[in-house]
Structures are given as C-alpha cells and as structure tokens.
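[1] quick one, structure for this:
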Amino acid sequence: MLPEIGLERFPVDRMDRIRNIGFIAHIDAGKTTVTERVLFFTGRTHKMGDVDDGTTVMDFMSQERERGITIKAAATTCEWKDYSINIIDTPGHVDFTAEVERSLRVLDGGVVVFDAVAGVQPQSETVWRQADRYHVPRICFVNKMDRVGADFQRTIDMIAHRLRANPVAVQIPIGKEGSFRGVIDLVDEKALTYLDDGNYAPQEGPIPEEMLQEVRAYRERLVEKVAETDDALMTRYLEEQPISPEEIRQALRRATIRNVLVPVLCGSSLRNKGIQPMLDAVGHYLPSPLDVPPIQGINPKTGEVMSREAREDVPLLALAFKVVTDPFVGRLVYLRVYSGEVRAGTAVYNSTKGVRERMGRVLSMHANRREEREATSAGNIAAVVGLKNTFTGDTLCEERSPMLLEVIRFPEPVVSVAIEPRTKLDQDRLVDTLAKLAEEDPTFKVRVDDETGQTIISGMGELHLEVLVERMRREFQVAANIGRPRVSYRETITAPSRAEGRFIRQTGGHGQFGDVWLELEPLERNSGFQFVNRIVGAAIPKEYIPAVESGVRGALETGVLAGYPVIDLKVSLVDGKYHPVDSSEMAFKMAGSIGVKEGIRRAHPVLLEPIMEIEVITPGEFLGEVLGDLGGRRAHIQSIEGQESLQIVRAFVPLAEAFGYTTALRSLTQGRASQSLEFHHYEEVPQGVAQELTRATQVTRASLV
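    Coordinates of the predicted model:
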C-alpha cells in the first residue's frame with residue numbers, strides 16, 4: 001500500500017528539502033510515463049495513467065490524449081520521503097520548444113530521459129543545450145531498458161560523445177531487454193530487484209555473483225570520477241583508503257550542482273522499474289533553491305547589477321514564466337518565486353512594465369486541477385489569478401525594492417499561414433482568440449499583411465499551427481480556414497549604402513518637413529538590428545531622433561524584394577535638416593521610413609530562407625532512396641552514421657523543401673524510417689528561387705492594384 005501524503009504536512013520553512021525539477025527529453029522517450037509513475041509512487045495519484053489509453057494526469061488536453069504527445073508543459077507538486085518536489089513535465093516535440101525554454105529558465109534541476117534503444121536523439125541535444133544555457137544541473141534516466149535493442153552503456157557513450165557531457169553511472173541494469181528485472185546501486189553496492197507480483201517496491205538484496213566483476217569495474221569508475229572533483233577524496237583515493245557511500249553521495253551532489261558530473265540511472269517506467277531510486281537521486285543529487293547562486297538582475301532605476309538570495313524574510317522577487325487561459329478561473333499566470341512571499345490579495349509591482357498589480361487567488365497546480373493557498377514562499381512555483389498586465393518574462397517585485405530579471409528569449413517562428421474566419425460570427429471573435437493564444441505562446445505571432453490585408457499567423461512548425469487552430473475550434477468555438485503553410489523568409493543587405501529620406505508636405509496651415517541621411521551596414525547572421533545616432537551638433541533636435549528610429553523599424557517589417565522582414569543590419573543616422581515650424585515627429589518618422597527603404601535598395605538586398613537541421617533514421621536498405629530524395633530537396637548532407645542495421649543521416653535542408661517530408665519518407669521506406677526537424681539558421685536563397693519569389697510577390701501586388 002502507498003502512503004497517503006498531504007501537501008499541507010510539508011514544513012514550508014525547510015527550503016533545503018525543496019526540489020524544482022523538470023522532465024525533459026526527445027519525443028517518445030517516456031517523459032510523461034515517468035511523471036505518471038512518480039505521481040503514483042509518491043501518493044499524489046491513486047491510479048497510473050497511460051499515454052496509449054489517454055488516461056494520463058499530466059497530458060490533460062484532449063489533443064494531447066488523442067495524439068499521444070505532450071503539447072503544453074504541466075506543473076504539479078508531490079512528496080517523496082522528506083522532500084517536496086515541484087515537477088514540470090515538458091513537451092518533446094521541437095514545435096513546442098518554447099515550453100521547454102521557459103520551464104528551464106525557472107527550474108533548479110532537470111531529469112533528462114533517454115530511450116535506451118535510440119540513445120541521444122536530436123531533440124535530446126536541443127534540450128541539453130537549453131539546459132546548458134541556463135546552467136541547470138541534471139541527472140539522466142535511461143528509460144525503456146526492457147525493449148529489444150536497449151543498451152545502457154551505448155547510451156552513456158552517446159551522452160559523452162554527442163552532448164560533450166561527463167556522465168557517470170550510479171546504477172547498472174540487472175538483465176537486459178526482456179530479462180531486465182532491476183538495477184544495481186553502485187553507491188550502496190546492493191541489488192534492487194522488481195518482482196512481477198503486483199508489489200511495486202523493489203526488493204533489496206546482494207549483488208548476483210555473475211555480476212560482481214562488472215559491478216567492481218563500474219564502481220571503480222564511479223569512485224575515480226567523483227574523486228577527481230574533490231581534492232580531499234582524491235588524496236584518500238590515491239592512498240587506497242576506503243570512501244563511504246555517504247561521502248560519495250555528498251561529493252557527487254556537489255559535482256552535479258556545479259555541472260561537472262552527470263549521474264546516470266536506468267529503468268523501465270512502463271514496467272514500474274527504477275522509479276523509486278530515481279526519486280531518491282532527485283533528492284540526493286539535484287539542488288534545492290538554496291544550492292543555486294543568488295538570482296541576479298538590474299535595478300530598473302539605476303541600471304546597477306543586483307542579486308537576491310532565496311529567503312522569505314527579504315522583499316518579493318518572482319518571474320512570470322507562463323500565461324494560460326483557464327476556462328474556469330480565467331487568466332492564470334505561473335510564477336517562480338525567488339525571494340519573499342506571494343500572498344493572495346496583496347499589491348505587487350511589475351518592474352518590466354512599470355505598473356502596479358494586485359494578486360488575486362494563489363493556486364498550487366496539479367496539471368489542470370487547482371488547490372487554493374493563502375501564500376507561496378521563496379523557492380516554490382505557483383499560479384496566480386488577477387494579474388491583468390503581466391506576461392511571460394515579466395518580473396514581479398515590491399515597489400520599494402525594485403529589481404528587473406533577464407527576460408526569457410524564444411526562437412523566432414519559421415512557418416506562416418494565412419487564416420480567415422469561416423463566418424461573420426467567427427470574424428468578431430477571431431482577433432480576441434488569436435490575442436489570447438499569442439499571450440500564452442511567445443513563439444506564436446499574429447500580424448496583418450498591409451499589402452494583402454490577410455491575417456498571418458506564424459509558429460514553429462506545421463504541427464504547432466495545426467494544434468493552435470484546433471484549439472481555437474475546441475476551446476474558443478472559433479472556426480477558421482488556413483492557407484498552405486508559407487515559409488517565413490527574411491531579407492538582408494550585403495553591402496553598405498547611404499541614402500536620404502526626405503518628407504515634405506505643404507497644406508493650408510503648418511506643413512510637414514523632415515530630412516534625414518542614413519548609412520546602412522550589413523551585420524553578421526543573427527545579429528538583429530542596430531540603430532545608432534551619429535548626429536553631431538543640432539542638425540536634428542534630440543526630440544525627433546526616436547521618431548526617426550520608429551520610422552526605420554516600421555519600414556524594416558516589409559522588405560523591398562518580396563515584402564519580408566529585413567534583419568541583420570545597422571542603420572546610422574548621420575545628418576539631416578529640420579524646419580523650426582513645419583517639422584514634427586510624424587514628418588521625421590516618415591523620413592526615416594523613406595530613407596531606409598531607399599538605402600536597402602542601394603545595398604544589394606538578398607532573400608534569406610530558414611534552414612532546418614534534419615536527422616533521418618532509416619534501415620540501411622533504404623539509404624540510397626533517402627539520400628536521393630534529400631538531394632532533390634536541396635539538402636546538404638553533414639554526416640551518415642551506421643548503428644547496427646540502422647543508418648542515421650544528418651543534413652541541412654531548406655524549410656520550403658521540407659513540407660510534407662514525413663509522408664514522403666514513409667512512402668520511401670515502407671513506414672520504417674523516422675525523422676526529426678529543427679530550425680538551425682538562415683541562409684541566402686539561390687538566385688533562381690529568389691527570382692521566383694520576387695516575381696510571385698510582384699504578381700500578387702499587381703492583382704491588388
């Protein structure tokens with residue numbers, strides 16, 4: 001029997017016993033199944049959910065249950081022994097990478113789940129890089145050890161080779177594939193065996209004799225790696241003095257928190273094996289809020305760098321990392337509380353927007369179920385009702401002690417489609433619905449094309465947009481038609497140029513006069529846009545400079561070649577003229593827009609297209625067909641690796657050529673190959689393709705005249 005554990009029994013002042021963790025992995029590695037078993041074994045739920053049956057707690061959306069994938073990150077809280085664990089289960093599909101990004105931004109630790117057969121997969125690399133960016137300590141759980149082809153050591157080798165990490169096994173499996181029945185704990189040197197008799201708890205016992213030599217080799221490697229991170233232990237190790245299990249655990253914990261070592265465990269979540277030791281490892285090796293460095297930010301008034309410790313007796317500091325429209329309570333804002341306390345009904349200050357807000361109800365979330373609380377203290381994650389002006393990435397604090405945290409940065413969307421309502425009734429609700437969805441998802445963008453009048457929605461992939469349109473129909477009762485996916489091309493310049501922007505209008509009263517000279521320079525890829533004021537003297541009054549920049553930025557939304565946004569350039573305002581009576585902000589805004597358009601025309605503009613990194617896993621017999629098809633899609637092959645009977649092809653392919661590739665790949669390989677795709681970079685479009693795109697844009701514009 002599992003114990004009944006109530007969250008109210010956890011002593012809130014024991015911050016060192018709190019763990020804020022996320023389960024992250026490639027799609028289908030088993031994150032959600034692992035989470036479901038964790039909730040069951042900790043007593044949070046009383047029935048195991050199953051992804052295939054659509055009965056999981058964490059995948060509560062109807063689309064998640066139908067598709068068998070996680071779409072939205074879900075949060076919950078549970079207890080294991082004397083630890084309180086806040087968990088976020090994240091999506092594995094690349095189209096929903098924003099959910100992983102914002103989750104890792106606020107988590108203290110992560111459990112990376114790997115498929116024991118496939119090892120390190122493409123999205124595993126992506127989430128690992130995201131965790132590296134936020135310096136999140138992590139442990140690894142090699143799942144599906146009971147499947148045919150499972151290989152624990154190969155997965156460890158792939159973690160070291162592909163992820164450039166320093167993994168160390170703290171467990172090894174007992175048996176393999178169908179005979180997998182438990183794990184050897186290398187720290188305590190004991191066997192944990194699972195019996196298929198309905199008793200989920202592992203049976204502790206001695207190490208099987210036939211495994212003693214293997215265990216000795218693995219444990220020697222563990223002790224050696226841990227000793228390398230601790231001078232005192234290294235001395236004792238070299239002197240061949242005994243090192244206790246507790247000393248190994250403490251040193252391994254310090255090394256994990258410093259991201260020097262990554263403990264690796266194994267199991268089979270579907271068969272309920274290895275979950276309890278993994279929960280023990282979360283407590284042993286992952287950090288509490290007290291173990292991570294104090295959060296740093298800036299004073300919004302002075303710009304000086306500040307830090308804030310994770311304590312309850314200091315002013316409030318919290319980061320809004322997720323906004324959700326809940327059908328029952330309305331707008332929910334998820335917060336990570338770094339210091340102080342969030343209490344229902346109190347006033348707070350949004351230092352990002354510079355506005356005051358009032359907390360409504362404070363909720364502890366269990367997937368889509370809510371538990372009301374009076375307050376949430378430092379180190380915890382909670383959801384709040386009533387914050388009207390707070391969005392993803394905003395900082396909440398006390399006005400007497402303002403602090404601004406670094407915003408969460410999200411990748412740019414790469415696929416766009418035109419959307420239109422089916423009926424007049426839908427038209428009235430479409431704008432409001434799109435705005436709510438854009439609030440929730442920072443990688444979902446909505447804009448109106450000035451040339452065509454169409455509403456354009458952009459996202460991270462075809463599945464991303466398909467899910468959002470389906471949500472509009474189901475959750476908001478708005479029916480809409482979408483056009484064929486359109487690639488989000490970009491434009492840029494390849495040479496420096498200089499141009500004048502002159503705007504003169506003479507009317508009955510005051511006229512409009514603005515004259516600017518701009519210099520344009522190309523920047524490296526992914527550098528964005530820079531505006532520099534190089535006006536010397538009083539050629540243009542200071543109050544008109546922001547208007548010039550505003551005009552320039554507005555003009556860059558629509559390029560001169562095919563109407564796509566212009567990126568990676570520097571615009572310098574170097575000279576100009578003004579009229580003491582007729583000049584205005586509007587005149588200089590128009591002058592900036594005219595000048596930058598002319599400057600782009602003179603700077604040899606080119607079109608850029610999104611290039612995707614693709615990995616295709618195919619049986620060797622179909623390798624020729626796969627390579628031939630990729631060649632026809634303008635792909636650049638990067639590598640081909642053999643892994644037993646499988647071949648892994650990595651390549652760069654233009655997004656425009658990747659639409660419908662999944663269907664084509666299934667046809668080529670009798671449904672036996674798989675592929676994954678993620679955005680990598682922008683690259684100049686070949687001249688022939690660029691001419692076609694430009695010609696198509698000109699035809700569209702001509703038809704509108």
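[2] next one: residue 488 from residue 563, what distance?
    Going from residue 488 to residue 563 by CB to CB, to the nearest Å gives 12 Å. Bear in mind the C-beta positions are built from the backbone N, C-alpha and C, glycine included.
[3] where do the helices sit along the stretch 401-550 of the chain?
    424-440, 462-475, 545-555 (DSSP state H, counting those that start in this stretch).
[4] state the next helix or strand along the chain beyond the last one.
    Counting by DSSP states H and E, the next helix or strand C-terminal to helix 545-555 is strand 569-577.
[5] where in this protein is the helix or strand with the lowest mean pLDDT?
    Using mean pLDDT, DSSP states H and E, helix 62-67 stands out as the lowest-scoring helix or strand of the chain, at a mean of 64.
[6] just checking: what are the partner strands of whichever helix or strand comes after that one?
    Next along the chain after helix 62-67, taking DSSP H and E as the criterion, comes strand 74-80. Neighbouring strands of strand 74-80 in its sheet, by DSSP bridges, are strand 83-89 (antiparallel).
[7] which residues does whichever helix or strand comes after the strand it pairs with contact?
    Proceeding C-terminally, strand 83-89 gives way to helix 97-106 as the next helix or strand, assigned by DSSP H and E. The contact list for helix 97-106 (CB atoms under 8 Å, 6 or more residues apart in numbering) reads 20, 22, 24, 72-73, 88, 90-91, 110, 126-127, 130-131, 133-134, 136, 319, 321-322, 336, 381, 392-393, 408-411, 441-443, 460, 678.
[8] report the angle between helix 97-106 and helix 462-475.
    On the basis of axes from the mean of the first three to the mean of the last three CA atoms, to 10 degrees, helix 97-106 is oriented at 90 degrees to helix 462-475.
[9] chain center to helix 97-106, what's the gap?
    4 Å (CA atoms, centre = their mean, to the nearest Å).
[10] likewise for stretch 321-336?
    The answer for stretch 321-336 is 18 Å, by CA atoms, centre = their mean.
[11] does residue 587 really touch residue 514, like I thought?
    Yes. Assessed by CB atoms under 8 Å, residue 587 is found in contact with residue 514 at 3.5 Å.
[12] make sure residue 284 is indeed in a strand.
    No. Assessed with DSSP: H, G, I helix; E, B strand; the rest coil, residue 284 is helix; it does not lie in a strand.
[13] quick one, what contacts it?
    Applying CB under 8 Å, 6+ apart, the residues contacting residue 284 are 249, 252, 253.
[14] what would those look like in CSV with pLDDT?
    What follows is the contacts of residue 284, written out as CSV (pLDDT from 0 to 100):
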residue, pLDDT
249, 92
252, 95
253, 94
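[15] just the buried residues out of these, in PyMOL syntax.
    Of those, the buried ones can be selected in PyMOL as follows, counting by 16 or more other CB atoms under 10 Å:
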select buried, resi 249+252+253
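[16] helices - which of the contacts of residue 284 land there?
    249, 252, 253 (DSSP state H).
[17] go through those and name the one nearest residue 628.
    Proximity of the ones in helices among the contacts of residue 284 to residue 628 (CB to CB) peaks at residue 252, which lies at 48.9 Å.
[18] setting aside sequence neighbours, what's the nearest residue to the closest one?
    residue 226 (5.2 Å; CB to CB, 6 or more residues apart in numbering).
[19] can you confirm the one you found is in a helix?
    Yes. Counting by three-state DSSP, one finds residue 226 located in a helix.
[20] for it, grab the count of nearby residues.
    Residues within reach of residue 226, counting by other CB atoms under 10 Å, total 28.
[21] ok, now which ones touch it?
    168, 233, 248, 251, 252, 255, 261.
[22] of these, the lowest pLDDT goes to which?
    In terms of pLDDT, the lowest of the contacts of residue 226 is residue 233, showing 89.
[23] SS state for that one?
    Taking three-state DSSP, the label given to residue 233 is helix.
[24] that one reaches residue 250, doesn't it?
    No. Residue 233 is not in contact with residue 250 according to CB under 8 Å; the separation is 9.5 Å.
[25] so how far is residue 91 from the residue nearest the centre of the chain?
    Taking CA atoms, centre = their mean, the centroid of the chain lies closest to residue 101, which sits 2.3 Å from it. Distance of residue 101 to residue 91, computed by CB to CB: 11 Å.
[26] what about the nearest residue to residue 133 once chain neighbours are set aside, how many residues nearby?
    The shortest distance from residue 133 to any non-neighbouring residue, by CB to CB, 6+ apart, is to residue 104 (7.8 Å). Residues lying near residue 104 (other CB under 10 Å) number 24.
[27] next one: residue 311
    17.
[28] could you grab the helix/strand/coil label for it?
    Three-state assignment for residue 311 (three-state DSSP): coil.
[29] wait, isn't it in contact with residue 377?
    No. Judged on CB under 8 Å, residue 311 makes no contact with residue 377 at a distance of 9.5 Å.
[30] mutual contacts of the two, please.
    Between them, residue 311 and residue 377 share no contacting residue, judged by CB under 8 Å, 6+ apart.
[31] if we can go back for a sec, and the furthest pair within the contacts of residue 226?
    Greatest spacing in the contacts of residue 226, by CB to CB: 168 and 233 (13.7 Å).
[32] more crowded one of these two?
    Neighbour totals were compared for residue 168 and residue 233, and residue 168 leads with 25 against 19 (other CB under 10 Å).
[33] which residue is the nearest non-sequential neighbour of the more buried one?
    Nearest residue to residue 168, sequence neighbours excluded (CB to CB, 6+ apart): residue 225, at 4.7 Å.
[34] check contacts around that neighbour.
    Residue 225 makes contacts with 166, 168, 261, as judged by CB under 8 Å, 6+ apart.
[35] what pairs with the one helix or strand the second one maps to, and is each one parallel or antiparallel?
    Going back to what we said before, that points to residue 168. If you go by DSSP H and E, residue 168 is part of strand 167-169. When pairing is defined by DSSP bridges, strand 167-169 lines up against strand 262-266 (parallel).
[36] CA atoms of the strand it pairs with as CSV?
    C-alpha atoms of strand 262-266 as CSV (Å, rounded to 0.1, in the frame of the first residue of the first chain):
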residue,chain,number,x,y,z
VAL,A,262,26.0,13.9,-14.6
PRO,A,263,24.7,10.9,-12.7
VAL,A,264,23.1,8.3,-14.9
LEU,A,265,20.3,5.9,-13.8
CYS,A,266,18.2,3.4,-15.6
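[37] pretty sure residue 318 contacts residue 394?
    No. Using CB under 8 Å, residue 318 makes no contact with residue 394, being 9.4 Å away.
[38] distance between the ends of stretch 285-305?
    Start and end residues of stretch 285-305 are separated by 30 Å (CA to CA, to the nearest Å).
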